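Chemist: Quick one: sequence plus predicted model below, questions after.
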Amino acid sequence: MSGRKLFAHELEARLDQLLLLSLRQRSPKEPAARLEVLPRAMQERVLHWVAVAAQGSNDLGWLLASLAAEHAAGLGAQLGAQLDDWARAGLEAYDHGGLDAARNVLGEYAAAHENRSPRSREAVSFAAMEGRLSCFLQALDGRPLKLASGARAWTDSETLWLPERLDVAPDAAGNCRLYKLMAAMLWAQARFGSFNTDPEPELELWPDRERALDWFAVFEAMRLEACIAVDLPGLAREIAVLRGPWPEALEAAAARLGQPGASAADSLACMAELRKVGAGETPVLPHVGAMDPLAARRVRAARIARDTAVLRRALKVLAALDSKSGAQGDSQYAPLAAEGDFQIGDPQADLVVLPPDAREAAKSLQQDLGEVPRAALHPAGPGTWQPVAGGGEEPVVADSAARPDALYDEWDYRRGAMRRGWCHLYESEGQAGEQEWVDAVRLRHAHLIRSIRRRFESLRGEDKPQRRQFDGEEIDLDAQVDARADRKSGGEPSPRLFIHRRRIERSLAVMFMVDMSGSTKGWVNDAERESLVLLCEAIEALGDSYAIYGFSGWTRTRCDIYRIKRFGDRYDAGTRSRIAGIEARDYTRMGGAVRHLSGLLHKQNARHKLLVTLSDGRPDDHGDEYRGRYGIEDTRRALLEAREKGIRSYCVTIDRHGADYLPQLYGPAHYSVIDDAKKLPQKIAEIYRKLTG
Amino acid sequence: MSVSRSPGQLDVRPDVSTFATPLVRPAAEPYYHAVGDECEVFAAAAGSCLPVMLKGPTGCGKTRFVEHMAWRLQRPLVTVACHDDLTTADLVGRYLIVGDETVWMDGPLTAAVRAGAICYLDEIVEARKDTTVVIHPLTDSRRALPVEKRGEYVEAPPDFMLVISYNPGYQSVLKEMKPSTRQRFVALDFDYPEAAVEARIVAHEGGVDEATAQKLVKLGGLTRKLKGAGLDEGAGTRLLVHAAQLVARGMAPATACTAAIARPLADEPDTRNALDDLISAVF
Ligand SMILES: Nc1ncnc2c1ncn2[C@@H]1O[C@H](COP(=O)(O)OP(=O)(O)O)[C@@H](O)[C@H]1O
Ligand SMILES: [Mg+2]
């Protein structure tokens, strides 16, 4: 961002424009005057965040503007990143707790930063570490874990909560390390069964539950450190260095819990011994979070029930297949069964041919229970518990006046057959949004867009010389030499002696299918829209033929497709405003959308056809069976049908926690997972380039 | 490994011999640890004059396997790394002008056909589509290579064998192999070997002890879980061997892994940092 800084009256105008202040009897005078002191780049950052906030609510935008102005000197002057962290923290607080929460968080954050001692300047925020940590955790063994920020560090065995910020260590590197070690310890609780034994009988014997839990956490930390040391000795060493030597009184316990077979029960036994001699304060261990075994065991119990049901149902399907055809190799999972590293104590031949969801379930059970229980290995009978409340006829949401534009079959994996004309599809024009929003995005990403355009223009192949042409701008020396040689050797020389710099026809048609389900509301929707703007800029530079459609649905009788840009449409003001108008609506009934859009794509006259889905998670629909395996199977089927028409599919998804099903839907190499919605716009062009380069 | 030319079969004038295709005949057995029945399948395909396609991620032993099989079958090996500017002439051959004369020079494919060698086209999808077509007559019952420039039709001796490799993890839709090409080959799936086997390979190739090799393999396994979530592909065996070789020369394991594994894999800061975290966790 270049140029002189904005003067107060200019800032006033910009704020007014962003927040429509004049309509609300608010004066931008004061904030504008205060923001005047900032350098231009910082001013633009503030305006950017105000604009982002204003999309959520005007009041939030105003709050952000006035607080940014108030703290201008303290916050902004030093570091752009700090301002970003501050604003993000506020927006996130707003998402969860509304305006008041945002006010509190923004105020606190700013206050904490203004009177910082030099020591805490090295603080590290969760937001700054999230990408790195989630990547780190993803690589580690065991069930996938979600990552979130919260007041304290703890885990319920499915989500890890880590503090919003850490400034315990004297330097940033130390705080980063502390984040990592905290996350690792929590991962270890889930991985090595801290919640596999019920601690309540022991905890009840302690007069002070809080203290009891603290000690439980300490003993578990001893045990887990030893578990970690087996495969990840470097990590264990870092932990040991951080905590220092154990107090003398605890050495014996540490040794005992460091034995190979130790379990959470041994930690509880150590607690019992300590209780008898009287427990004092726990040692201070910065990397050890809090424990909430009640919450964790509740989550664990639900998971075990779910996994057991999944496994038993899968076995039932297999049993049925077996008795029907006797052929077990033919199942649709054959290509999937080979991947992964399914290990099971009791190698039942059946388990290896399980579909991936059941295999995950079996692995998860093994993690929770140490083994796959016998009960789970019995195929489900009729009327077993189902994780998804189904049953009953689904509500009919469509208004009966309108006739659907198309009817599509839907795949019912339980019947192994199509349900004919099951899905009612309506296609309509996407609604127009504010053109200004697109302008703001283009302005904000001006630099990125420039570099994308440059990169893509070179990809376009315009510069690529075409050798051996009849005509061209340059002489092709190789061809001349060949021709001369041919003539000498008595052959017929080729007349193709020139190099022509011509644009090579890429002959590619791309359909972007954008998830407009309700779950995308907020960041994901913003990220999708911003990404589309960047994609359009990129693809315009490339000259590929492309279309954009949104999809959303509400039961099988109401699947909506919104036209944002048809293949024939140009990337003009109309298209741009329809991109801006993309909003979160209902559910994600994907199969019909895939069928409809791949049909449109199929009609394109291009050699390569590509269907790219931008989504935030798995197929899902209101209250009916589409939520679970059914939806995944139907979508998979629809993608296979598209493949048969010569259409390749690729998925960009924003939720890595939903990503376990992606290989099943798209094939192993045909998706990418963006763990953080905010990064999507930065990455999308690169993904597209790789995909089509 | 030594390079020799079989006299008689390829009489190349000394003044242009630097342009001739080297026929590689490994002097000693190239080390290859079989993972399944790939050696038997390959040998059977060779015996039946069938072309073979090796599928698998990069760095999992495909090239090494071909070298090994060439040695076993006692056939010379010609390797061509395909790229998007590879023309038909680059494979088949062209006339050179030497002084005032023209001299025909066989390309690697023609040379391999004449010599009854194994011709290995590495990463075939990288080659231009029109180039790929020249292999068609070699891969069906004709087993011959038309050399149009010379008006020659070179029939392949029984020992000639065509092998191609192909990485299905490749993400570009423009680089898929056409069924008309695919269905000409006997295909072998390659993947990273299981941990114990891979550790033995890394120890052997990298010259490190079992324990270090196991840690490298552990690290490799962790990075492979990041495929699609930060990485396009996890670390192949080749990268693990590279790291091992640096360690064998006395470099600290963490430094070696950063240089040989983490940096080649990722550019993105979050992913790079996470890889560094994994490295320091394993060592
Ligand atoms: N099964 C194996 N036996 C022996 N060495 C192997 C094996 N797999 C991988 N390697 C090692 O990995 C390196 C890379 O393998 P390479 O054959 O070049 O991979 P690719 O051709 O599949 O990309 C080899 O040089 C070798 O050191
Ligand atoms: Mg290779």
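Modeler: Cool, got the structure. Ligands and ions are numbered 1, 2, ... in the order given.
Chemist: any residues touching stretch A:8-26, and which ones?
Modeler: The list of residues contacting stretch A:8-26 from outside it, by Cβ atoms under 8 Å, 6 or more residues apart in numbering or on different chains, reads A:6, A:27-29, A:31-33, A:35-36, A:43, A:47, A:50-51, A:54, A:58, A:61-62, A:65. In short, each C-beta sits where N, CA and C put it, glycine included.
Chemist: Could you spell out the sheet neighbours of the helix or strand hosting B:Val163, each with its direction?
Modeler: Assigned by DSSP states H and E, B:Val163 belongs to strand B:161-166. Applying DSSP bridges, strand B:161-166 is found paired with strand B:52-55 (parallel), strand B:118-122 (parallel).
Chemist: what's the next secondary structure element after it?
Modeler: Moving toward the C-terminus from strand B:161-166, the next helix or strand (DSSP H and E) is helix B:179-182.
Chemist: need the next SSE after that next one, C-terminal direction.
Modeler: strand B:186-189.
Chemist: how about the next helix or strand after that next one against ligand 1, any contact?
Modeler: The C-terminal neighbour of strand B:186-189 among helices and strands, as given by DSSP H and E, is helix B:195-206. Yes - Helix B:195-206 reaches ligand 1 (Cβ under 6 Å from any ligand atom) through B:Ile201, B:Glu205.
Chemist: Break the chain down into its domains, please.
Modeler: All of this refers to chain A. For chain A, automatic domain parsing gives the domain ranges A:192-291, A:296-397, A:435-458+A:506-692, A:463-503.
Chemist: Actually, chain B is the one I wanted.
Modeler: Here the domain parsing of chain B from automatic domain parsing is B:2-189, B:195-282.
Chemist: which SS class is A:Gln82?
Modeler: Of the three states, A:Gln82 takes helix according to DSSP: H, G, I helix; E, B strand; the rest coil.
Chemist: Could you give the number of residues near A:Val230?
Modeler: 10 (other Cβ atoms under 10 Å in any protein chain shown).
Chemist: Just give the nearest non-adjacent residue to A:Gly107, would you?
Modeler: Distances taken as Cβ to Cβ, 6 or more residues apart in numbering or on different chains put A:Leu67 closest to A:Gly107, at 6.9 Å, once the chain neighbours are dropped.
Chemist: got a list of what B:Leu162 touches?
Modeler: Contacts of B:Leu162 by Cβ under 8 Å, 6+ apart are B:Pro51, B:Val52, B:Ile118, B:Cys119, B:Leu121, B:Ile135, B:Leu138, B:Thr139.
Chemist: One more pass at 10 Å, please.
Modeler: Contacts for B:Leu162 (Cβ atoms under 10 Å, 6 or more residues apart in numbering or on different chains) come out as B:49-53, B:109, B:112-113, B:118-121, B:135, B:138-139, B:143, B:156, B:184-185.
Chemist: Can I get the buried part of those as one ChimeraX selection?
Modeler: To isolate the buried ones among these in ChimeraX, judged by 16 or more other Cβ atoms under 10 Å in any protein chain shown, type:
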select /B:50,51,52,53,109,112,113,118,119,120,121,135,138,139,143,156,184,185
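Chemist: How about B:Pro51, nearest residue that isn't a chain neighbour?
Modeler: Closest to B:Pro51 by Cβ to Cβ, 6+ apart is B:Leu162, at 4.1 Å.
Chemist: Next, find the distance separating that neighbour from B:Arg142.
Modeler: 12 Å (Cβ to Cβ, to the nearest Å).
Chemist: Ok, A:Glu70 next?
Modeler: Distance, A:Glu70 to B:Arg142, using Cβ to Cβ: 82 Å.
Chemist: Which one's more surrounded, the two?
Modeler: Neighbours were counted for A:Glu70 and for B:Arg142 using other Cβ under 10 Å; A:Glu70 has more, 16 against 13.
Chemist: what sits against the more buried one?
Modeler: Taking Cβ under 10 Å, 6+ apart as the test, what A:Glu70 contacts is A:Glu30, A:Pro31, A:Arg34, A:Leu106, A:Gly107, A:Ala110.
Chemist: Just the ones in helices from these, please.
Modeler: Of the positions in those, A:Glu30, A:Pro31, A:Arg34, A:Leu106, A:Gly107, A:Ala110 sit in helices, assigned by DSSP state H.
Chemist: what's the pLDDT at residue 231?
Modeler: I'll assume chain A. The score at A:Asp231 is 90. That number is its pLDDT.
Chemist: look at chain B instead
Modeler: 83.
Chemist: from what I can see it touches A:Cys135, true?
Modeler: Yes - B:Leu231 lies in contact with A:Cys135 (Cβ atoms under 10 Å); the separation is 8.9 Å.
Chemist: Find the residues that touch each one of those two.
Modeler: B:Lys225, B:Ala266, B:Glu268, B:Thr271, B:Ala274, B:Leu275.
Chemist: So what's the residue count around the nearest residue to A:Asp141 once chain neighbours are set aside?
Modeler: Nearest residue to A:Asp141, sequence neighbours excluded (Cβ to Cβ, 6+ apart): A:Arg191, at 6.5 Å. Neighbourhood size, A:Arg191 [other Cβ under 10 Å]: 19.
Chemist: what phi and what psi does the backbone show at A:Arg191?
Modeler: Dihedral angles of A:Arg191 (phi, psi; degrees, to the nearest 10) stand at phi -70, psi -40.
Chemist: give the contact list for it.
Modeler: A:Leu140, A:Asp141, A:Gly142, A:Arg143, A:Leu145, A:Ser157, A:Ala184, A:Leu224, A:Cys227, A:Ile228, A:Gln367.
Chemist: re the thing from before, can you lay out the ones in helices among the contacts of A:Glu70 as a markdown table showing pLDDT?
Modeler: Conversion of the ones in helices among the contacts of A:Glu70 to a markdown table gives the following (pLDDT from 0 to 100):
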| residue | pLDDT |
| --- | --- |
| A:Glu30 | 81 |
| A:Pro31 | 82 |
| A:Arg34 | 80 |
| A:Leu106 | 81 |
| A:Gly107 | 78 |
| A:Ala110 | 69 |
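Chemist: just these now: which is nearest A:Asp214?
Modeler: A:Gly107 (31.1 Å; Cβ to Cβ).
Chemist: so where's the stretch 301-450 of chain A uncertain?
Modeler: Low-confidence segments of the stretch 301-450 of chain A, defined by pLDDT under 70: A:318-356, A:378-402.
Chemist: What are the boundaries of the helices in it?
Modeler: Residue ranges of the helices in the stretch 301-450 of chain A, as given by DSSP state H, counting those that start in this stretch, are A:334-337, A:349-352, A:356-369, A:435-444, A:446-459.
Chemist: would a markdown table of those with distance to ligand 1 and mean neighbour count be doable?
Modeler: Shown next, in a markdown table, are those (distance: least, Cβ to the nearest ligand atom, whole Å; neighbours: other Cβ atoms under 10 Å in any protein chain shown):
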| stretch | distance to ligand 1 | mean neighbour count |
| --- | --- | --- |
| helix A:334-337 | 21 | 14 |
| helix A:349-352 | 23 | 14 |
| helix A:356-369 | 26 | 21 |
| helix A:435-444 | 41 | 18 |
| helix A:446-459 | 26 | 15 |
